[in-house]
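Student: model the structure of this input:
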Amino acid sequence: VMLMVRAGPGVDAVIEQLMPLLAPGDVIIDGGNSHYPDTARRYARLARQALDAEAFEVARVEEAVPAFGREIDDRVIPNEARLEDALSWTKGCYPGQEPVVMAKHRGHPANVLVSLEIDADRVPGADTPLLEDGRPVGRVTSAVRAVAFSGIRALGYVRHAAVRPGASFQIDGGGTARLL
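Tutor: Below is the predicted model:
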């Protein structure tokens, strides 16, 4: 059953009405979310009852919010994930400080977290290479069938030099990815 409810407090009201009827493993797709924090709050509420909120991942990707284990791992420095505001530039030494400071003083990191619109028959998996003229220029980190937009949206890392308005890349295995 799919219910369409105007984004905002109405979504919370409908979820509350449905709660007594839901069982662990049931899925709620919050397709009309007003803001990513609303979806995150709803996801936490549903997860406490072992219900799946698929919209959490969709909204996260649509809003370009990096996640640990996907966009943030041991291959990424904070500058690449657009997390500069989370860094202290006045604090003393810390592990990994040198590449972070080098990227800042260079003016940009080597790779940049980007939002992508995917034109492909299937949703690409994590670490699917992105190619330009047959050469690797990046990788997909997360991809979902979008709700707020038709088609497939993804997050990924692309070499700074390849980030241009409207740039398009081939997806290893078929399809194209366009920078948003």
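Student: where does this protein have low pLDDT?
Tutor: Per-residue confidence for the chain (pLDDT under 70) gives these ranges: 1-5, 25, 27, 29-36, 49-55, 147-148.
Student: now with 50?
Tutor: Judged against pLDDT under 50, the chain has no low-scoring part.
Student: which residue is nearest the middle of it?
Tutor: Closest to where the C-alpha atoms of the chain average out (Cα atoms, centre = their mean) is Val61, at 2.9 Å.
Student: make sure it is indeed in a helix.
Tutor: Yes. With DSSP: H, G, I helix; E, B strand; the rest coil as the criterion, Val61 is located in a helix.
Student: then the helix ranked longest in the chain to CSV, C-alphas only?
Tutor: Criterion DSSP state H: the longest helix present in the chain is helix 36-47. Extracted C-alpha coordinates of helix 36-47, given in CSV (Å, rounded to 0.1, in the frame of the first residue of the first chain):
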residue,chain,number,x,y,z
TYR,A,36,16.7,15.3,5.7
PRO,A,37,16.7,15.8,9.5
ASP,A,38,13.0,14.9,9.5
THR,A,39,13.8,11.6,7.7
ALA,A,40,16.7,10.8,10.0
ARG,A,41,14.4,11.4,13.1
ARG,A,42,11.7,9.2,11.6
TYR,A,43,14.2,6.5,10.7
ALA,A,44,15.5,6.4,14.3
ARG,A,45,11.9,6.1,15.6
LEU,A,46,11.1,3.2,13.2
ALA,A,47,14.4,1.4,13.8
